[in-house]
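[1] Need a 3D model of the following:
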Amino acid sequence: QVQLVESGGRLEQAGGSLRLSCVASGRTFSMLAMAWFRQAPGKERECVGTISRNGDLTYYTDSAKGRFTISRDGAKNTVYLQMNNLKPEDTAVYYCAGTSRYYRGGVDATHYDFWGQGTQVTVSS
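    A predicted model of the protein is given here:
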């Protein structure tokens, strides 16, 4: 099994920046394709972006393009989500997710077998 633990969420002002972290344990990190999802109150969980097993491929959904960056550090078994120019509509619980089934998972949550507990990001206007 894989355990994923997110951290870094907090209250931030619009226009500010946050970096979320997700530490993986329980399986070789290099075998996991990773992704970040978010879920706002009353809305479905949506993918923010994905990163391949060795970090050479990334994908961002329209809401994240140009503002968010996903990266990973194999030495620390950690995947990051750098979020810049935050907007109130970025307010959500952010989850990291992992899969060993794909070199890079898609934006569909069913591609991922392992999930963290989530970290709350609140952006004030």
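[2] rest of the way, CA atoms for contacts and neighbours
    Will do.
[3] contacting residues for the spatially most central residue of the chain?
    Most central in the chain under CA atoms, centre = their mean is Trp36, positioned 2.2 Å from the mean C-alpha point. Counting by CA atoms under 8 Å, 6 or more residues apart in numbering, Trp36 touches Cys47, Val48, Gly49, Thr50, Leu81, Tyr94, Tyr95, Cys96, Ala97.
[4] which residues of the protein fall in strands?
    Using DSSP state E, the strands of the chain run over 3-7, 11-13, 18-25, 33-39, 46-51, 58-60, 68-73, 78-83, 92-99, 114-115, 119-124.
[5] Just checking: what are the partner strands of the shortest one?
    Using DSSP bridges, strand 114-115 pairs in its sheet with strand 92-99 (antiparallel).
[6] circling back to that earlier point, dig out what the residue nearest to the centre of the chain forms beta bridges with.
    Per DSSP bridges, the residues bridged to Trp36 are Gly49, Cys96.
[7] What distance do you get for it to Ser125?
    Trp36 is 23 Å from Ser125, where distance means CA to CA, to the nearest Å.
[8] do Val79 as well
    28 Å.
[9] Which one of the two is surrounded by more residues?
    The residue with more neighbours, out of Val79 and Ser125, is Val79; 26 against 11, by other CA atoms under 10 Å.
[10] State the number of residues packed around the closest residue to that one other than its chain neighbours.
    Distances taken as CA to CA, 6 or more residues apart in numbering place Arg72 nearest to Val79, at 4.1 Å, with adjacent residues excluded. If you count neighbours by other CA under 10 Å, Arg72 ends up with 23.
[11] List the contacts of Arg72.
    Contact analysis of Arg72 by CA under 8 Å, 6+ apart lists Gly55, Thr78, Val79, Tyr80.
[12] Is the last one in contact with Gly55, as I believe?
    No. Using CA atoms under 8 Å, Tyr80 is not in contact with Gly55, being 11.2 Å away.
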